[in-house]
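Trainee: Just the structure for this:
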Amino acid sequence: MMRKPDWLIPIGLMLLGMVPFVAGVLRIVELGGSAEISPENARFLENPLPVGIHIAGSLLFGILGALQFSPGLRRSRPHWHRISGRVVVLGGFASALTGLWMTLYFPNADINFDGPVVFVLRLTVGVSMLWSLVLAISAIRNLDLAAHQRWMTRAYALGLGAGTQAFTHIPWFVWPELQGEFLRSLCMASGWMLNIMFAEWILAGAGGKLGVSTKYQSNRPNRGPQLPPVAKGAR
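Mentor: Model (predicted):
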């Protein structure tokens, strides 16, 4: 069982992602129904497959990923942590890859003032998220748990950018007369920047370890398989 404070981390992360989670579910319902085509959803309805994969991957990455940040759950359910972690990584790859595909091949949403700055931001974030996941996998294969948690934290911060953007877009809705490419770019960039800055602050405060057992540290050399000690009297 997780102690009460251990629940605060995943619950807080899930609450942060609640707006994009709900929006994603509504989008899937829209794609599966007979929604009326509008300038906002035309590009999604014309090619719904990458949209559906992106939403499903993002939901897996966001919800299961939040549970990975509970120290109590990692300690009490290590097997579950490893199995669900693989699903989280797959969801992250699906989310990032389809996000990049849609950025490159979907027409720009002129109704949202998505200009060249937003285009570059999405490419940068998508590639950075993919690279973070690759480094996280490489670290865990080398039994470097500290580095694994650092890179997964960064990937999750980027992946949850839409949650923070729900708040950074408040000026967009409060002052519609200011809507344009500049404010849109600022609102989008602020969400990702706040997340990654907060993640780096957490990592710096935790010494980059996030509660990793002293048995495995980031500077632990990879010595390969070790022979079991010889029992006394076996000589």
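Trainee: Confirm for me that G161 is in contact with M193.
Mentor: No. At 9.0 Å, G161 does not count as touching M193 under the criterion of Cβ atoms under 8 Å. Quick note: C-beta positions are derived from backbone N, CA and C, even for glycine.
Trainee: Of these two, which one has the most company?
Mentor: G161 (24 against 14; other Cβ atoms under 10 Å).
Trainee: quick one: buried residues of the helix ranked longest in the chain?
Mentor: When the chain is parsed with DSSP state H, its longest helix is helix 78-105. By neighbour count on 16 or more other Cβ atoms under 10 Å, the buried set for helix 78-105 is 81, 84-85, 88-89, 91-100, 102-103.
Trainee: Neighbours of R154, how many?
Mentor: 22.
Trainee: Next, give phi and psi for F44.
Mentor: Phi and psi for F44, reported as degrees, to the nearest 10, are phi -70, psi -40.
Trainee: buried set for the helix or strand bottoming out on mean pLDDT in the chain?
Mentor: Lowest by mean pLDDT, DSSP states H and E among the helices and strands of the chain is helix 42-46, with a mean of 78. By 16+ other Cβ under 10 Å, the buried positions in helix 42-46 come out as R43, F44.
Trainee: cool, and stretch 182-198?
Mentor: R184, S185, L186, C187, M188, A189, S190, G191, W192, L194, N195, I196.
Trainee: Could you do stretch 106-121 as well?
Mentor: For stretch 106-121, by 16+ other Cβ under 10 Å, it's A109, F113, D114, V118, L121.
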